[in-house]
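Novice: Following is a predicted model, sequence given first.
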Amino acid sequence: MNGVGHLVRLALRRERSIAPWWILLLVALALTLVSYINRFMPTYELKLNYLDVIRGSGFFQALGGGVPEPRLEVFATWRSGGFLYVASAFAAVMSVVRHTRREEESGRSELVRSAVVGRHAQLTAALLVAAGINLIGGLVTAVALIGAGLEPIGSLVYGAAIMTAGWVFAGVAAVAAQLAREAHTATVIGLSVLGISYVMRYAGDATGQAWLKYLSPIGWSHLVKPYQDERWWMLMFSTLVAALLFAVGYHLSGRRDLGAGMLPERLGRERAPELRGPISLAWRLHRGLLVKWTAGVAFFAAVAAGLSPLAQDLLSRPSIVVNNIVKLLGVHGDEALGAYSWYLILILAYAVALYPVLMTLRLRAEEASGRAEAVQATPVSRLRWAGAHVLLTGLGTTLLMAVAGLVYGALYSLLVGDFTTDLPRFLAGALSTVPAAWSVGAVSVFAYALLPRASAAISWAVWILTAGLGKVAGPLYGAWDGSPLEPFSHLPNPFTAASFDIRPLLALLAVTAILLGGGLLALRRRDFG
């Protein structure tokens, strides 16, 4: 354990520009949901009406985790918990991998260990920093909720549930960092466990199969039930599991060589005759992630479309909550189902807008690793190399939204609609969001070309602001039309009776072309590497 203190300070120095944003996200979302409940369900009668909707829908029960009580603090944490537990776990996975496996992959760990540093010092420092971030995030969230007038004991329990969710997945990441040789693989393992945990918890609440929830690490935080039963023993159980995972991580760390992983490496092929140019190379780099995104988008589109009969039934019932939602959406009663469908398509579109951001960050990774420079030692020019990635990113984004439209439209038509009319309009509606997603990616390309070192932070900030200011997150703070500062707010709803206006799409395409042109020109003129 020699050198733990120095490595902790080093990790904290690197986290100073990352961790505060995660903590701010936790606090902001928790307070936003309190404000949302106060604004749209101020009376006990409205809360009871909303509770009736939740009880009659497996989807809504799965959204927040079970059936809440009609009280402000319970409704607020029921709505925000599903996001905050996952956010805390995500931050822990990224932090642990960043300070362990990524350090080894870059060669910095070997340099550090040439000093008087113990074998387990780096893993210990990473776990202390990740656990500390989760502790501060949970504590600050609890203090903020107490300041907002919520009950102190329940707020502390809620903060502890957020904290222990992060601790468990810090342990998962510690194990993954020992199993995998590359940081990317370790991150995929950790986030895959997180995704499976969320799906199991969701399925358990949606189907009423409580055993699925008890098998999910994310479900354990939901089972704490702050402001209700306040099951402290679930917090103890999560802490015990986290400690066991830490112990497994230490055990594996002592049984492997520096820079190696416990999982055997798969040797690549000796030749790759299909790599004939920059486009085929870009396709080879993009195809794995594109396949995963396609499967994920298809799954969520199918789930969303599968809720159409339930949505149709709820919208046809007289309810104060439903009437308020329809009124706030600004549509007539017969257009409510179309407005609902458009919001589900927009949720998928905001998620897909992250895809071009990730693909642009791959450009930066290829440049920083030196692989791009090796490619450009051949007759491939810098513009051809970057243009191939940009082209495939644009086509991939289009494919993802086309899959979303086809899957949603096909299942919607099968359940409540008609194939000849609904399938084409859902496909067209999904594709109408592509220019907005392209524009988000174009900003990332422009940032990468001008400010390569800051491009990752700028790209993530652009996507987060786009999603946070958009029509999906906007209702949380009363902005049902989103903000004109993000591109999706300018898209017309193609599922209502109003005539479709193509001018916003053309404007977004023009902005995208200008940003891409300027970015590629700047990339050509700046120093590379």
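Specialist: Yep, it's here. Numbers count the residues shown, from 1 in each chain.

Novice: can we go C-alpha only for contacts and neighbour counts from here?
Specialist: Will do.

Novice: so where is the stretch 201-350 of the chain shaky, pLDDT-wise?
Specialist: Per-residue confidence of the stretch 201-350 of the chain (counting by pLDDT under 70) places the weak regions at 273-274, 311-338.

Novice: er, the chain actually
Specialist: For the chain, the stretches with pLDDT under 70 are 56-59, 273-274, 311-338, 473-482, 496-500, 529.

Novice: Go through it and flag its longest helix.
Specialist: helix 382-415 (DSSP state H).

Novice: CA atoms only: put the next helix or strand after that helix into CSV for me.
Specialist: As assigned by DSSP states H and E, the chain's next helix or strand after helix 382-415 is helix 419-431. C-alpha atoms of helix 419-431 as CSV (Å, rounded to 0.1, in the frame of the first residue of the first chain):
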residue,chain,number,x,y,z
PHE,A,419,-49.5,-0.8,-41.9
THR,A,420,-50.2,1.1,-45.1
THR,A,421,-50.5,4.5,-43.4
ASP,A,422,-48.7,4.3,-40.0
LEU,A,423,-45.5,2.5,-41.0
PRO,A,424,-44.5,5.0,-43.7
ARG,A,425,-45.4,8.0,-41.4
PHE,A,426,-43.4,6.7,-38.5
LEU,A,427,-40.4,6.0,-40.7
ALA,A,428,-40.6,9.5,-42.2
GLY,A,429,-41.1,11.0,-38.7
ALA,A,430,-38.0,9.2,-37.3
LEU,A,431,-35.9,10.2,-40.3
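
Novice: List the buried residues in helix 419-431.
Specialist: D422, L423, R425, F426, L427, A428, G429, A430, L431 (16 or more other Cα atoms under 10 Å).

Novice: and I136, how far is that from A160?
Specialist: Taking Cα to Cα, to the nearest Å as the measure, I136 falls 10 Å from A160.

Novice: These two - which one has more neighbours?
Specialist: Shown here are I136 and A160; by other Cα atoms under 10 Å, A160 has more neighbours (24 against 16).

Novice: List the residues that contact the more buried one.
Specialist: Counting by Cα atoms under 8 Å, 6 or more residues apart in numbering, A160 touches L135, G138, L139, L235.

Novice: switch to 6 Å and redo it
Specialist: Residues near A160 by Cα atoms under 6 Å, 6 or more residues apart in numbering: G138.

Novice: The one 5 residues further on too?
Specialist: Neighbour list for A165: Y85, A89 [criterion: Cα under 6 Å, 6+ apart].

Novice: which SS state does it fall under?
Specialist: Assigned by DSSP: H, G, I helix; E, B strand; the rest coil, the conformation of A165 is helix.

Novice: With R266 instead?
Specialist: coil.

Novice: From L289, how far out is it?
Specialist: R266 is 19 Å from L289, by Cα to Cα.

Novice: Which strands or helices does the longest helix of the chain pack on?
Specialist: Other helices and strands packing on helix 382-415, by 3 or more Cα pairs under 6 Å, 6 or more residues apart in numbering; DSSP states H and E, are helix 278-306, helix 419-431.

Novice: That helix to helix 419-431, inter-axis angle?
Specialist: 150 degrees (axes from the mean of the first three to the mean of the last three Cα atoms, to 10 degrees).

Novice: Go through helix 382-415 and flag the buried ones.
Specialist: Residues of helix 382-415 classed as buried by neighbour count (16+ other Cα under 10 Å): 382, 384-390, 392-394, 396-413.

Novice: Could I get the phi/psi values of V93?
Specialist: phi -60, psi -50 (degrees, to the nearest 10).

Novice: For it, give me its contacts.
Specialist: By Cα under 6 Å, 6+ apart, the contact set of V93 is F169, A170, A173.

Novice: Beyond the helix or strand where V97 lies, next helix or strand please.
Specialist: Following DSSP H and E, one finds V97 within helix 72-99. Sequence order places helix 101-106 as the next helix or strand after helix 72-99, per DSSP H and E.

Novice: Just give me how far that next one sits from the chain centre.
Specialist: How far helix 101-106 lies from its chain's middle: 24 Å, per Cα atoms, centre = their mean, to the nearest Å.

Novice: in it, what's buried?
Specialist: For helix 101-106, burial by neighbour count (16+ other Cα under 10 Å) applies to R101, R102, E103, E104, E105.

Novice: List of residues touching it?
Specialist: By Cα under 6 Å, 6+ apart, helix 101-106 touches S109, A177, A183, G259.

Novice: Can you add distance to A305 and give the buried residues of helix 101-106 back as CSV?
Specialist: Below are the buried residues of helix 101-106 laid out as CSV (distance: Cα to Cα, whole Å):
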residue, distance to A305
R101, 40
R102, 40
E103, 43
E104, 44
E105, 43
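
Novice: Looking at those, spot the one nearest S114.
Specialist: E104 (12.9 Å; Cα to Cα).

Novice: out of R266 and L289, which sits in the busier spot?
Specialist: Comparing R266 with L289 by other Cα under 10 Å, the one with more neighbours is L289, at 14 against 6.

Novice: before we move on, back to that, turn the helices and strands packed on helix 382-415 into TSV, columns for distance to R71.
Specialist: Converted to TSV, the helices and strands packed on helix 382-415 look like this (distance: least, Cα to Cα, whole Å):
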stretch	distance to R71
helix 278-306	28
helix 419-431	38
